[in-house]
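K.L.:
Need coordinates for the below:
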Amino acid sequence: MPAITAAMVGELRAKTDAPMMECKKALTEADGDMDRAEEILRVKLGSKASKAASRVTAEGVVAAFIDGSKGALVELNCETDFVAKNDDFLNFAATVAKLVATENPADVAALSALPVDGSTVEQVRTGLIAKIGENLAIRRFQRYDVNGKLAAYLHGTRIGVIVEYEGADEQVGKDVAMHIAAMKPVSLSAEQVPADLIEKERSVAAQKAAESGKPAEIVAKMVEGSVQKFLKEVSLFNQAFVKNDKQSVEQMLAAANTNVKGFTMFVVGEGIEKKQDDFAAEVAAQVAAAKKA
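P.N.:
Sure thing, here's the model as predicted:
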């Protein structure tokens, strides 16, 4: 079995917010497999671990631009929250979003080569790095050019959503975008939820159900019930509408004669973990102290 290091314990604790000794036990049980250890903690600690695992720490902004049938959502990263509020950085993000929508670059490299105010996007970026004193990066973008309509919602500068829809009432599109930012669905419908997410949820549900000690047929029903509940929670059409929880989003859209065809949501730093200085040493010291105790 691989050695369970203090750094591994620290990484799992940062993801799950679980007690350090629980993290060490989970890593030991999982033979050092980080994903498996996180799953073990979810079984033992319930939703607390999964909610904490969704936290992100990287800084930056999400910006949106819509002009008629064309639109874009972009994420730019920086090192500190202070710079994320800098006017020059915010203006640069807005400029980048507009360029993505209007110029249709193939990727970040093509976007970086586009001209802007006598320079290129890359030259502006490096100039800002020199001026601000922090590394800045264009992380990702999504562009739309549709036959229907587009709506955007920004929750501050950290969460951004663009929705593609068809319908007469523009407020409905904005409401759906706001709902997505709040409830964070992963797909439009239950059928579109990625298979790997379903299997991970099924595995966790199966382990929880097995601990109940109930007969196999009851356990199977418990697992299926948990999976179906999960699918409703993460698919847009099945979620309870945030402005009226008596109806689902699908029901609200039907009443408004509106069809949502797709959406993109960016959360700043999603999937990126900021370096935790000296945390491994702190964990090692506390684990050693716990062993002595």
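K.L.:
So which bits of whatever helix or strand N91 lives in are buried?
P.N.:
Under the criterion DSSP states H and E, the helix or strand holding N91 is helix 87-103. Buried positions in helix 87-103, judged by neighbour count with 16 or more other CB atoms under 10 Å: F89, L90, F92, A93, T95, V96, A97, K98, L99, V100, A101. For every residue, glycine as well, the C-beta is placed using N, CA and C.
K.L.:
ditto for stretch 181-200
P.N.:
With the criterion 16+ other CB under 10 Å, stretch 181-200 contains buried residues A181, K184, P185, S187, L188, A190, V193, K200.
K.L.:
Could you dump those residues into CSV and include pLDDT and secondary structure?
P.N.:
What follows is those, written out as CSV (pLDDT from 0 to 100; DSSP: H, G, I helix; E, B strand; the rest coil):
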residue, pLDDT, secondary structure
A181, 96, helix
K184, 95, coil
P185, 96, coil
S187, 97, strand
L188, 97, coil
A190, 94, helix
V193, 95, coil
K200, 91, helix
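K.L.:
Distance to A58 added to the residues you listed, as JSON lines?
P.N.:
As requested, those are arranged in JSON lines below (distance: CB to CB, whole Å):
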{"residue": "A181", "distance to A58": "18"}
{"residue": "K184", "distance to A58": "17"}
{"residue": "P185", "distance to A58": "22"}
{"residue": "S187", "distance to A58": "24"}
{"residue": "L188", "distance to A58": "27"}
{"residue": "A190", "distance to A58": "31"}
{"residue": "V193", "distance to A58": "26"}
{"residue": "K200", "distance to A58": "23"}
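K.L.:
biggest separation within these, which pair?
P.N.:
Distance extremes for the buried residues of stretch 181-200: the farthest pair is A181 and K200 at 23.8 Å, using CB to CB.
K.L.:
sorry, back to before: going by distance to G269, which of the buried residues of stretch 181-200 wins?
P.N.:
Ranking the buried residues of stretch 181-200 by separation from G269, with CB to CB as the measure, puts K184 on top at 14.4 Å.
K.L.:
just the strands in the stretch 1-150 of the chain please.
P.N.:
For the stretch 1-150 of the chain, applying DSSP state E, counting those that start in this stretch gives strands covering 59-67, 70-78, 115-116, 119-120, 137-145, 149-155.
K.L.:
Could you list every helix and strand that the second one packs against?
P.N.:
Packing contacts for strand 70-78, counted by 3 or more CB pairs under 8 Å, 6 or more residues apart in numbering; DSSP states H and E, involve strand 59-67, helix 87-103, strand 137-145, strand 149-155, strand 159-166, strand 259-267.
K.L.:
hmm, who's touching the longest one?
P.N.:
Going back to what we said before, that points to helix 87-103. Under the contact criterion CB atoms under 8 Å, 6 or more residues apart in numbering, helix 87-103 has outside partners 61-67, 70-74, 76, 78, 83, 105, 111, 114, 116, 121, 124-125, 128, 131-132, 136, 138, 141, 143-144, 157.
K.L.:
List buried residues within those.
P.N.:
The neighbour-count test (16+ other CB under 10 Å) marks 61-66, 70-74, 76, 78, 83, 105, 111, 114, 116, 121, 124-125, 128, 132, 136, 138, 141, 143-144, 157 as buried among the contacts of helix 87-103.
K.L.:
so how far is Q207 from L41?
P.N.:
11 Å (CB to CB, to the nearest Å).
K.L.:
Where does the record place the domain boundaries for this structure?
P.N.:
Taking automatic domain parsing as the reference, the chain has its domains at 1-57+274-293, 59-145.
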